[in-house]
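Peer 1: give me the fold of what follows.
(chains A, B, C and D)
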Protein chains: 2
Amino acid sequence: MFKIFEKYILQTNAIPLADLAIVRESCIEKKVRKGQSLLHEGEIWALNCFITSGCFRLYRTDKAGIEHTARFAIENWWITDLESYISQKPSEYNIEALSSGTIIVWPKRVWDDILKVSSAMKIFNDQLLERAYIASQRRIFSLISNNAAERYFEFQKTYPNVFNKVPLHMVASYLGISRETLSRIRREYANI
Amino acid sequence: MFKIFEKYILQTNAIPLADLAIVRESCIEKKVRKGQSLLHEGEIWALNCFITSGCFRLYRTDKAGIEHTARFAIENWWITDLESYISQKPSEYNIEALSSGTIIVWPKRVWDDILKVSSAMKIFNDQLLERAYIASQRRIFSLISNNAAERYFEFQKTYPNVFNKVPLHMVASYLGISRETLSRIRREYANI
DNA sequence: CGATTCTTTGAAAACAGTCAATCTGTGTGG
DNA sequence: CCACACAGATTGACTGTTTTCAAAGAATCG
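Peer 2: Modelled structure (predicted):
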């Protein structure tokens, strides 16, 4: 499983072999079953979690008890609640496995040490946050400027690999619309 | 003006005096008039820009020519298009001054050098990005889970100092609703 | 004061949500 | 292998919300 991570990170970043060895030695490989919860709201999230296979989602429950999907994550991506991770305060989010899969995790303390020791890993980590921030800016723009149908097709186009792995009612909750509305959008454009 | 920045940064970060001297010596203080544009879409953004007074907004124009406000910024905050800054590609955003004001800027190259030389400034810069990311996550949750009225009152409560400095039609464009809808929300709740 | 920008209003149309019911596919236990 | 349960997806009817367009009132500024 670490091979997948190695391939992933070496694609974009030159990590010295010595650094990579540290990263490998301190990682923990895990299997998860479909439906399994990695994080439950109220818990403190203290992991760096890289997905080598499977599909996950980060979601939050509002006052009315309705679930809202913050984001999805599949292989070669990370799943985290950065707010709880950084502040080390109880999370408002949940992370659940939408399918069985495999993950690699590093406890926060271990990861912090890695970033101190390896400047290459620190650079990689910084870039990760930058990209995540830019992606969230794009999503905000989409949410304030596009209607439901436009957001749906944009999501489908931007994340095709995610799209065909997650149930539609979760896509709806990600887009900020009801599952019925999404269903009607699909019907309306079905024969185009 | 640099005094304002100094006070701001020393409130939360312990920056060695020597580092602070470098930051001061390399900064450029500027005055801006109301309506002045700092960034026009198509240009490459290569500045770090700290606001010592005044009010600014970052906005983007959609295909239909409608402006959508990405965010506002007032004194003691930064205004930037991080995407263009990082990628050094033409920006899709505009930055304009909503009032006259004063800013401190550092060219990207200069700022990069500061971060290389000063670990304290690097830590500060990292924290800035983390906070910006967390804020955008909160905004996304608000956009997908709250209706227009809830978003309006949340904005008013979260950013009171911004709220009373910007015109309502820009608030509407920040919330992703039409100015007429915002006007009606205000009327509906006016006497509560 | 006049021009401009900002805000509000009304009426109609478009859009999205809710509720209840039905349909579809998947998988499990008898 | 079938029947059944279950989760997911769709549909219809209705309600509620938001946009659009056109117009008119405020407020602000030179």
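Peer 1: CA only for contacts and neighbour counts going forward, please
Peer 2: OK.
Peer 1: which outside residues touch stretch A:103-115?
Peer 2: A:1-2, A:22-23, A:26-32, A:46-53, A:85, A:121-122, A:125 (CA atoms under 8 Å, 6 or more residues apart in numbering or on different chains).
Peer 1: just those: which are in strands?
Peer 2: Among these, the members found in strands (DSSP state E) are A:28-32, A:47-53.
Peer 1: farthest-separated two in those residues?
Peer 2: A:Leu47 and A:Ser53 (17.3 Å; CA to CA).
Peer 1: could you check the angle the lengthiest helix in chain A makes with helix B:119-145?
Peer 2: Ranked by number of residues, the top helix in chain A under DSSP state H is helix A:119-145. Interaxial angle, helix A:119-145 versus helix B:119-145 (axes from the mean of the first three to the mean of the last three CA atoms, to 10 degrees): 30 degrees.
Peer 1: assign the nearest residue to A:Ile44 once chain neighbours are set aside to helix, strand or coil.
Peer 2: Distances taken as CA to CA, 6 or more residues apart in numbering or on different chains place A:Pro90 nearest to A:Ile44, at 4.5 Å, with adjacent residues excluded. Assigned by DSSP: H, G, I helix; E, B strand; the rest coil, the conformation of A:Pro90 is coil.
Peer 1: what pLDDT is listed against A:Pro90?
Peer 2: Looking at A:Pro90, its pLDDT is 98.
Peer 1: contact residues of chain A facing DNA strand C?
Peer 2: A:147-149, A:176-178, A:180-181 (CA under 7 Å from any atom of the strand).
Peer 1: can you pick the most crowded of those?
Peer 2: Neighbour counts for those (other CA atoms under 10 Å in any protein chain shown) peak at A:Gly176, which has 24 neighbours.
Peer 1: excluding covalently adjacent residues, which one is nearest to A:Val105?
Peer 2: A:Cys49 (4.5 Å).
Peer 1: where exactly do the helices run in chain A?
Peer 2: A:2-12, A:17-25, A:82-87, A:108-117, A:119-145, A:148-158, A:160-163, A:168-175, A:179-188.
Peer 1: please name every helix or strand in contact with the fifth one.
Peer 2: In this structure, helix A:119-145 packs against helix A:108-117, strand B:67-74, helix B:119-145, helix B:168-175, with contacts taken as 3 or more CA pairs under 8 Å, 6 or more residues apart in numbering or on different chains; DSSP states H and E.
Peer 1: pretty sure A:Gly176 contacts B:Ser145?
Peer 2: Yes: assessed by CA atoms under 8 Å, A:Gly176 is found in contact with B:Ser145 at 6.4 Å.
Peer 1: show me the common contact partners of these two, please.
Peer 2: By CA under 8 Å, 6+ apart, the residues touching both A:Gly176 and B:Ser145 are A:His68.
Peer 1: related to what we said a few turns ago, most packed of the helices of chain A?
Peer 2: Burial of the helices of chain A is given as mean neighbour count (mean count of other CA atoms under 10 Å in any protein chain shown); helix A:168-175 ranks first at a mean of 22.
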